[in-house]
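# give the three-dimensional model of this entry:
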Amino acid sequence: MGKDIKSLRTRIKSFDSTLHLTGAMGLVASSKIKRAYDAMAASREYSKAITDLTTRLISCPECRKSPYFGKPAEPQDIEEEQETKTEKVRLIVIAGDRGLCGGYNANVFRTVRDMGEVEIHPIGKRSYARYHNEPEEMGEEFDPDSGYLSSEYYTIEEAQEEAAICCKDFIEGRIDKVGIVYNRYVSIISQEPDVFWILPLTHKEDSGADAGIYEPAPDELLESFIPEYFAGKLFALVKESFACEVAARRMAMDSAKKNAQQMIDDLTLEYNRARQGTITQEITEIVAGAGK
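A predicted model of the protein is given here:
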């Protein structure tokens, strides 16, 4: 019985430490929510503005021949390409810098896994560690804690650099398709993994957008604007993903805190019963000894 009491006391102490840890992490996540939401809202406004402008540009007949729409296949080569050519896909995978945020990171990685064989450009420590986990490819001085692009502190300059690389590779034919894997913010209790395909551009035939008048010519403007459009969308999706990470961590820590408190209450009740049983047994033995 004494051994059981000691074991229960140890478990209560362990859960109490977990309770303090999850409570602290929940407070940290709560302190970041306002800043993360403000950044997401601002980036969404900018993303909407550049998307509207891009939609107007690609609706112009002069822009139909832009290389950003992809290279059309010759009719006689379509069947051969379907049999022999493998589409070269690049995914920019946005994950968190830390764990303990529910299924936030796992949902992103599951989405990438279902995409098949693709080229990965990671953003976030967790994404970097998952897709660059072979030291022989990274050199003898490989360090998973350095060299990654932080999802929390991602800058527009880093987005512009990534956009320039992807646009250049797409124009030169090294990749056929570029997508961004991220978490879409629905509410504080719901974040859904999604893929935004940014290249090649697509034109909707039923688009009724007014093309307007542009100077310089629309095709020239589109060529110079697409890298900025790419960078703006990427930056906005990183900020949205970080807001999802903070919200997911807060909910996960709140749930863990409640579960830890419930376990402490159950173990405390069990501990008190065991202690009461021990005391009762000792009193019984003392009374029995006194009767002799």
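
# any chance of the backbone angles for the residue positioned nearest the centre of the chain?
Centroid-nearest residue in the chain: residue 95, 3.3 Å away (criterion: Cα atoms, centre = their mean). Main-chain torsions, residue 95, degrees, to the nearest 10: phi -130, psi -180.

# before we move on, what about residue 181?
Torsion angles, degrees, to the nearest 10, at residue 181: phi -100, psi 120.

# state the helix or strand in which the closest residue to it other than its chain neighbours lies.
If the residues on either side of it in the chain are set aside, residue 181 comes closest to residue 93, at 4.8 Å by Cβ to Cβ, 6 or more residues apart in numbering. In this view, the C-beta of every residue, glycine as well, is placed from N, C-alpha and C. Using DSSP states H and E, residue 93 sits in strand 89-94.

# residue 152 too?
Using DSSP H and E, residue 152 falls outside every helix and strand.

# for residue 114, see how far away residue 195 is.
When Cβ to Cβ, to the nearest Å is the yardstick, residue 195 and residue 114 sit 10 Å from each other.

# so those two - more neighbours on which side?
Neighbours per residue, other Cβ atoms under 10 Å: of residue 195 and residue 114, the larger number sits with residue 195, 17 against 8.

# who does the more buried one bridge with?
Following DSSP bridges, residue 195 is listed with bridge partners residue 181.

# list the residues that contact the nearest residue to residue 127 once chain neighbours are set aside.
Ranked by Cβ to Cβ, 6+ apart and with sequence neighbours excluded, the top spatial neighbour of residue 127 is residue 95, at 3.7 Å. By Cβ atoms under 8 Å, 6 or more residues apart in numbering, residue 95 lies in contact with 104-105, 108-109, 122-127, 130, 151, 241.

# for the helix or strand harbouring residue 257, the distance to its chain's centre please.
For residue 257, the host element (DSSP H and E) is helix 218-291. Here helix 218-291 is found 19 Å from its chain centre; the criterion is Cα atoms, centre = their mean, to the nearest Å.

# so it versus strand 89-94, what angle?
Here helix 218-291 runs at an angle of 50 degrees relative to strand 89-94 (axes from the mean of the first three to the mean of the last three Cα atoms, to 10 degrees).

# can you map out the helices along the stretch 101-250 of the chain?
For the stretch 101-250 of the chain, the helices defined by DSSP state H, counting those that start in this stretch cover 104-113, 125-131, 135-138, 156-171, 218-291.

# of the ones you listed, which is nearest residue 36?
helix 218-291 (4.2 Å; Cβ to Cβ).

# and that closest one, what other elements does it pack with?
On a contact count with 3 or more Cβ pairs under 8 Å, 6 or more residues apart in numbering; DSSP states H and E, helix 218-291 meets helix 2-58, strand 89-94, helix 104-113, helix 156-171, strand 177-187, strand 190-199.

# next, the buried residues of the fourth one.
Of the residues in helix 156-171, those scored as buried under the neighbour-count criterion (16 or more other Cβ atoms under 10 Å) are 156, 158, 159, 160, 162, 163, 166, 167, 169, 170, 171.

# next, count neighbours for residue 107.
18.

# so it touches residue 194, yeah?
No. Counting by Cβ atoms under 8 Å, residue 107 does not reach residue 194; the two are 9.8 Å apart.

# and for those two, which residues touch both?
residue 183.

# please pull out the lowest mean pLDDT helix or strand from this protein.
helix 135-138 (a mean of 42; mean pLDDT, DSSP states H and E).

# any stretches of the stretch 101-250 of the chain with poor pLDDT?
133-147, 204-215 (pLDDT under 70).

# mind redoing it with 50?
Residue ranges of the stretch 101-250 of the chain with pLDDT under 50: 134-142, 208.

# returning to what we had before: mind putting the helices of the stretch 101-250 of the chain into a markdown table with distance to residue 60?
Supplementary listing: those in a markdown table, determined by distance: least, Cβ to Cβ, whole Å:
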| stretch | distance to residue 60 |
| --- | --- |
| helix 104-113 | 34 |
| helix 125-131 | 37 |
| helix 135-138 | 44 |
| helix 156-171 | 19 |
| helix 218-291 | 4 |
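
# which of the ones you listed is buried the deepest?
helix 125-131 (a mean of 21; mean count of other Cβ atoms under 10 Å).

# remind me what that one packs against, helices and strands.
Here helix 125-131 touches strand 89-94, helix 104-113, strand 119-123, going by 3+ Cβ pairs under 8 Å, 6+ apart.
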